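Colleague: kindly generate the corresponding structure for this input.
(one chain, ligands or ions: 1)
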Amino acid sequence: MKRWIISLALLANPVAGDERPNIILLLSDDQTTWSMGCYGVPDVETPQMDRLAQDGLIFDRHYVSTAICMASRASIMTGNYEYRTGCNFEHGPLLSEHWSRSYPVLLRAAGYRTAFAGKFGFLVSEAPGAPGRLPSADFDRWGGGPGQTYYQTGRNPSMKRYAAEYPHSTRAYGAFGSDFIRDSAAQDRPFCLSLSFKAPHRPVTPDPEYDLLYANRTFTKPPNYGRRYGEHFSLQSRQGRQYVRFAEWGYETDYDRVMARYHQQIYAIDVALGMIREALEDAGVADRTVIVYTSDNGFLCGSHGYGSKVLPYEEASRVPLIVYDPRHSELNGQGRRCRSLTGNIDLAPTVLEWAGVPIPEDIDGRSLVPLYRDPAQSVRERLALINVWGPAPVHSLSVVSREWKYVFWPFGAGRFTPTEELYHLAADRWELSDLSSDPESRPQLLAMRRAYDRELENWNEKAVPYHGYRRFGTIFDRNLSWPEKRRRLGADSE
Ligand SMILES: [Ca+2]
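Modeller: Numbers count the residues shown, from 1 in each chain. Have a look, this model is predicted:
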């Protein structure tokens, strides 16, 4: 008993010779997997991302549970689905009771030195309706900003000291991270660095340092590029901004130029990643610093004739994930891949396990630590994909399993009929065939409907009673007619 108490005390207090790893989480903003050499994409230059993937483990089936900035970031930090964080645009900030269980707060309480820089993406409030604040005081070093932040480093007050040397913010975040690594390595405390790059989020603002990199380059389009590969998608899916942005954002007529600027922004992140790794080597801590690289959501970039994010389709909801844990030298350096199903909600419990911090029992996420040793293991049977943002017709709830994806579009007013889609991802990675009406896929359809209903049960049990989440338990019910939903929810359901 006495030994147990002592070991707990060791966990909570920094001591000399601390064996816990340092942890770095690098988050890009709106980055599709179709932008990285290590995901099999030709014509792009991502040497540092490819090197990280070669050194560690790259995930081929990693999804964000909500494919939009604010909700995804709250889910990444807390390990919970959006209906439990209660946090998204049009809904509200994250309540402090949830923030207090986020990985940055828990690691700092456990003795980690913590830093954040970049687009934080959400605010924290004390109660529903109360004003939100940036939790800058909860970090030992802060280079973050509210809202979308700015590409011009000098316009971000917490990053001003980097503006002269790095006027574009992407490499400035690399410099911030490098400084924090050097300062932390001089102390006897493990550190946790979270960098959230603004890139490649719009407005399109590449670092001019790399203007020549992709000049006149032609880019290979993914096999599902273009409107003819979206004809089987629901009418509901075409009612949001994503459909018109195929043309508005130039994917239809100016693909190579648009993608050159997109990839140029990602290249600057690649350079920043190289700065971080060099700083780890210089500070002598590279062998005990775990690195995670991921994005808050994907980007459609013309796949199926859509642009932007939000939708449950692969290019919007599936994102890059690379994990490099240098403490496993016997496993590293082989470019290993993990094809198990994982989600953004799994990152917080993973970080907590690395840090030796108890994982909250009721958390939705599952630690990915076992996958590092054995990528063939499974940590989850299924993951919910949520959209309750934007116009009502585009609201959807989906479930992905090891092999399948089921999408339910509930909107049934006027000319719309509630619709479902079914994709056999194991055989149709580009989502070219909706099998929801295929007689041979009927058993899988029924199984995925059951999986969907179980996710909806979780929603009804656990959704926060504020910020407008409870009503979606009714809206997403497959077994109620639209008029019945309207009757139950009142006139605001349209
Ligand atoms: Ca985003």
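Colleague: the stretch 351-494 of the chain: helices as residue ranges?
Modeller: 369-373, 442-462, 472-475, 482-489 (DSSP state H, counting those that start in this stretch).
Colleague: how about the contacts made by residue 142?
Modeller: Counting by Cβ atoms under 8 Å, 6 or more residues apart in numbering, residue 142 touches 115, 116, 117, 136, 158. Any C-beta I mention is one placed from the backbone N, CA and C, and that applies to glycine too.
Colleague: that's a strand at it, yeah?
Modeller: Yes. The assignment for residue 142 by DSSP: H, G, I helix; E, B strand; the rest coil puts it in a strand.
Colleague: now do the same contact list for the residue in the stretch 51-200 of the chain that the ion sits nearest to.
Modeller: The ion sits closest to residue 69 of the stretch 51-200 of the chain, with a gap of 3.6 Å, by Cβ to the ion. Neighbouring residues of residue 69 by Cβ under 8 Å, 6+ apart: 29, 30, 89, 119, 121, 201, 296, 297.
Colleague: helix or strand for the residue nearest to residue 38 when sequence neighbours are not counted, which one?
Modeller: Sequence neighbours aside, residue 53 is the residue nearest to residue 38 in space, at 3.7 Å (criterion: Cβ to Cβ, 6 or more residues apart in numbering). Using DSSP states H and E, residue 53 falls within helix 47-55.
Colleague: could you list every helix and strand that that helix packs against?
Modeller: Applying 3 or more Cβ pairs under 8 Å, 6 or more residues apart in numbering; DSSP states H and E, we find helix 47-55 packed against helix 255-282, strand 289-295, strand 321-324.
Colleague: can you say which of those is nearest to residue 18?
Modeller: Set against residue 18 and scored by Cβ to Cβ, those come closest in strand 289-295, at 13.0 Å.
Colleague: each with direction, which strands does that closest one pair with?
Modeller: strand 22-28 (parallel), strand 321-324 (antiparallel) (DSSP bridges).
Colleague: how about CSV for the ones you listed, with mean neighbour count added?
Modeller: CSV is the format used below for the strands paired with strand 289-295 (neighbours: other Cβ atoms under 10 Å):
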stretch, mean neighbour count
strand 22-28, 25
strand 321-324, 25
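Colleague: just so I know, which of those lies nearest the ion?
Modeller: strand 22-28 (8.4 Å).
Colleague: other residues contacting that closest one?
Modeller: If you take Cβ under 8 Å, 6+ apart as the criterion, strand 22-28 is touched by 73, 76, 107, 112, 118, 177, 181, 184, 190-197, 199-200, 266, 269, 273, 276, 285, 288-296, 320, 347, 351, 354-355.
Colleague: do stretch 183-193 as well
Modeller: With Cβ under 8 Å, 6+ apart as the criterion, stretch 183-193 contacts 14-18, 20-25, 103-104, 107-108, 111-115, 141, 177, 180-181, 283-285, 351, 355.
Colleague: buried subset of the residues you listed?
Modeller: 18, 20-25, 103-104, 107-108, 111-115, 141, 177, 180-181, 283, 285, 351, 355 (16 or more other Cβ atoms under 10 Å).
Colleague: report pLDDT for the nearest residue to residue 333 once chain neighbours are set aside.
Modeller: Of all residues not flanking residue 333 in the chain, residue 55 sits nearest, at 6.0 Å (Cβ to Cβ, 6+ apart). pLDDT, residue 55: 98.
Colleague: with residue 1 instead?
Modeller: Confidence score, pLDDT, at residue 1: 36.
Colleague: quick one on the thing from earlier: for the ion, tell me which of the contacts of strand 22-28 show up nearby.
Modeller: residue 296 (Cβ under 5 Å from the ion).
Colleague: ChimeraX command to pick out the buried ones of the contacts of strand 22-28?
Modeller: Only the buried entries of the contacts of strand 22-28 go into this ChimeraX selection, using 16+ other Cβ under 10 Å:
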select :73,76,107,112,118,177,181,184,190,191,192,193,194,195,196,197,199,200,266,269,273,276,285,288,289,290,291,292,293,294,295,296,320,347,351,354,355
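Colleague: got a markdown table for the contacts of residue 69, with secondary structure too?
Modeller: Output for these, formatted as a markdown table (three-state DSSP):
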| residue | secondary structure |
| --- | --- |
| 29 | coil |
| 30 | coil |
| 89 | coil |
| 119 | strand |
| 121 | coil |
| 201 | coil |
| 296 | coil |
| 297 | coil |
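Colleague: and which of these is nearest to residue 153?
Modeller: residue 119 (13.1 Å).
Colleague: I'd say the closest one and residue 145 touch.
Modeller: Yes. Residue 119 is in contact with residue 145 according to Cβ atoms under 8 Å; the separation is 6.7 Å.
Colleague: who's more crowded, these two?
Modeller: residue 119 (26 against 23; other Cβ atoms under 10 Å).
Colleague: sketch out the low-pLDDT regions of the stretch 1-150 of the chain for me.
Modeller: Within the stretch 1-150 of the chain, the ranges that satisfy pLDDT under 70 run 1-17.
Colleague: who are the contact partners of the residue of the stretch 351-494 of the chain found nearest the ion?
Modeller: Closest approach between the stretch 351-494 of the chain and the ion, counting by Cβ to the ion: residue 389, at 11.9 Å. Residue 389 sits next to 66, 68, 71, 88, 89, 90, 91, 310, 395 when contact means Cβ under 8 Å, 6+ apart.
Colleague: grab the nearest non-local neighbour of the residue positioned nearest the centre of the chain.
Modeller: The centroid of the chain falls nearest to residue 296 when counting by Cα atoms, centre = their mean (2.9 Å). Spatial nearest neighbour of residue 296, excluding adjacent residues (Cβ to Cβ, 6+ apart): residue 72 at 4.2 Å.
Colleague: number of residues surrounding that neighbour?
Modeller: 30.
Colleague: buried sites along stretch 471-486?
Modeller: Going by 16+ other Cβ under 10 Å, stretch 471-486 has these buried residues: 471, 472, 473, 474, 475, 476, 477, 480, 482, 485, 486.
Colleague: ok, the residues you listed vs residue 165, which is closest?
Modeller: For these, the nearest to residue 165 is residue 472 (46.9 Å; Cβ to Cβ).
Colleague: now, the buried ones among the contacts of stretch 183-193 that are in strands?
Modeller: Among the buried ones among the contacts of stretch 183-193, the members found in strands (DSSP state E) are 22, 23, 24, 25, 113, 114, 115, 141.
Colleague: and the ion, which of those residues contact it?
Modeller: Of these, not one also sits near the ion (Cβ under 5 Å from the ion).
Colleague: need these in a markdown table with distance to residue 229, can you?
Modeller: A markdown table is the format used below for those (distance: Cβ to Cβ, whole Å):
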| residue | distance to residue 229 |
| --- | --- |
| 22 | 43 |
| 23 | 39 |
| 24 | 37 |
| 25 | 34 |
| 113 | 48 |
| 114 | 44 |
| 115 | 43 |
| 141 | 46 |
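Colleague: was I right about residue 482 contacting residue 412?
Modeller: Yes. Counting by Cβ under 8 Å, residue 482 touches residue 412, with 3.0 Å between them.
Colleague: now do the shared contacts for the two.
Modeller: Joint contacts of residue 482 and residue 412 (Cβ under 8 Å, 6+ apart) are residue 418.
Colleague: need the strands paired with strand 289-295 in a markdown table (columns: distance to residue 173).
Modeller: Formatted as a markdown table, the strands paired with strand 289-295 follow (distance: least, Cβ to Cβ, whole Å):
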| stretch | distance to residue 173 |
| --- | --- |
| strand 22-28 | 9 |
| strand 321-324 | 17 |
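Colleague: circling back: residue contacts, the residue nearest to residue 296?
Modeller: So residue 72 contacts 64, 65, 66, 296, 297, 344 (Cβ under 8 Å, 6+ apart).
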